[in-house]
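Engineer: got a predicted structure plus its sequence, pasted below:
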Amino acid sequence: MRLTRVWVDAEPASGEMLELPAETGAHVAKVLRARSGDGLVLFNGDGREWSGEIASVRGSRVTVSVGQARIIDRESPLAVSLLQCLPRGDRMDLIVQKATELGVARIIPVLSKRSVVRVDARQSAAKAEHWRAVAVAACEQCGRNRVPVVEAPRALLDHLGALPPTGLRFVLDPEAEDRTAAGGALSGAEIAIGPEGGFTAEELEAFRIADFRALRLGPRVLRTETAAIAAITWLQTRYGDMAGGEPV
């Protein structure tokens with residue numbers, strides 16, 4: 001039986017009794033209906049995980065007996081940075097969740113000229129905190145022991161202007177002629193996904209100046225959330241740790 005995985009903002013020590021945070025404890029006790037003696041796995045994002053056993057459940061207060069630590073690496077050899085224009089509604093939650101499951105290392109939400117969503121500084125911080133929680137929950141589900149970096153939203157051109165001069169970068173463009181990419185092994189890549197209305201001509205030119213390669217994934221125009229999932233899958237299949245990863 002697959003054990004419940006729980007993220008903790010602490011460094012568990014083997015042999016200690018650790019009380020789970022209130023929200024986590026409530027989920028374990030009331031949603032998962034865990035009981036004393038049930039096993040689980042703890043992780044804190046540093047690459048390790050700890051075996052554990054529930055020692056007591058008192059309402060929402062759950063105490064865990066911490067077992068041995070072990071290092072289990074489920075990270076992709078390809079460090080993918082997802083540059084994602086903010087979509088409408090709660091689609092960003094889905095994108096963060098699936099990007100985490102697919103192994104991205106970094107998620108950078110950006111605002112472009114055609115972005116419908118606008119956020120101020122307070123909203124930006126709150127959204128980033130929320131998306132980090134989504135990424136943590138996705139790590140609990142998929143088995144990752146490192147949580148991807150989720151940054152606060154920023155202006156697209158501000159991000160492009162601060163990029164270093166090196167790195168392999170792609171921008172999805174349904175009208176691009178290039179459907180190929182560099183062969184050979186890669187250690188990292190950045191891929192940019194536009195908003196519902198796509199990037200403007202001026203933004204595509206800014207991507208070109210920042211050494212992004214225009215790329216299209218097939219003949220159909222994809223929704224922004226579909227494009228993100230498809231692009232990450234394409235990168236991980238071609239260069240990362242998914243089946244058939246040999247360059248073609």
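Structural biologist: Alright, I've got the coordinates.

Engineer: gap between Leu222 and Ala201?
Structural biologist: Separation of Leu222 from Ala201 (Cβ to Cβ, to the nearest Å): 20 Å. Every residue, glycine included, has its C-beta placed from N, CA and C.

Engineer: which one of these two has more residues nearby?
Structural biologist: Using other Cβ atoms under 10 Å, the more surrounded residue of Leu222 and Ala201 is Leu222, with 17 against 8.

Engineer: contacting residues for the more buried one?
Structural biologist: Leu172, Pro174, Ala230 (Cβ atoms under 8 Å, 6 or more residues apart in numbering).

Engineer: surely Thr233 meets Glu101?
Structural biologist: No. Shown here, Thr233 and Glu101 do not form a contact pair, counting by Cβ atoms under 8 Å, at 10.5 Å.

Engineer: how about the helices in the protein?
Structural biologist: Applying DSSP state H to the chain gives helices spanning 22-26, 91-101, 121-142, 156-161, 201-209, 224-238.

Engineer: hang on, Gly198 packs against Ser112?
Structural biologist: No. If you go by Cβ under 8 Å, Gly198 and Ser112 don't touch, sitting 9.0 Å apart.

Engineer: and the lowest-mean-pLDDT helix or strand in the chain, what does it pack onto?
Structural biologist: Using mean pLDDT, DSSP states H and E, helix 22-26 stands out as the lowest-scoring helix or strand of the chain, at a mean of 90. When contacts are defined as 3 or more Cβ pairs under 8 Å, 6 or more residues apart in numbering; DSSP states H and E, helix 22-26 sits against strand 61-71.

Engineer: so how far is Glu205 from the residue at the greatest distance from the centre of the chain?
Structural biologist: Computed with Cα atoms, centre = their mean, the residue of the chain farthest from its C-alpha average is Arg58, at 33.4 Å. Per Cβ to Cβ, Arg58 is found 61 Å from Glu205.

Engineer: ditto for Gly59
Structural biologist: 59 Å.

Engineer: so what's the residue nearest the centre of the chain up against?
Structural biologist: Most central in the chain under Cα atoms, centre = their mean is Thr100, positioned 3.2 Å from the mean C-alpha point. Residues in contact with Thr100 (Cβ under 8 Å, 6+ apart) are Val134, Ala135, Ala138, Cys139, Cys142, Arg144, Val147, Pro148.

Engineer: apart from its neighbours in sequence, what residue is nearest Arg88?
Structural biologist: Once flanking residues are discounted, Arg88 sits nearest to Val116: 5.2 Å by Cβ to Cβ, 6 or more residues apart in numbering.

Engineer: per-residue confidence at Glu205?
Structural biologist: As predicted, Glu205 sits at a pLDDT of 95.

Engineer: next: the one 5 residues further on.
Structural biologist: Confidence at Ala210, expressed as pLDDT, is 94.

Engineer: can you check Val248 too?
Structural biologist: 37.

Engineer: do the same with Ala181
Structural biologist: pLDDT for Ala181: 54.

Engineer: then Gly240?
Structural biologist: 91.

Engineer: can you report how many residues lie near the nearest residue in space to it that is not next to it in sequence?
Structural biologist: Setting aside the residues directly before and after it, Gly240 is nearest to Leu78 in space (Cβ to Cβ, 6+ apart), at 3.8 Å. For Leu78, the tally of surrounding residues (other Cβ under 10 Å) stands at 22.
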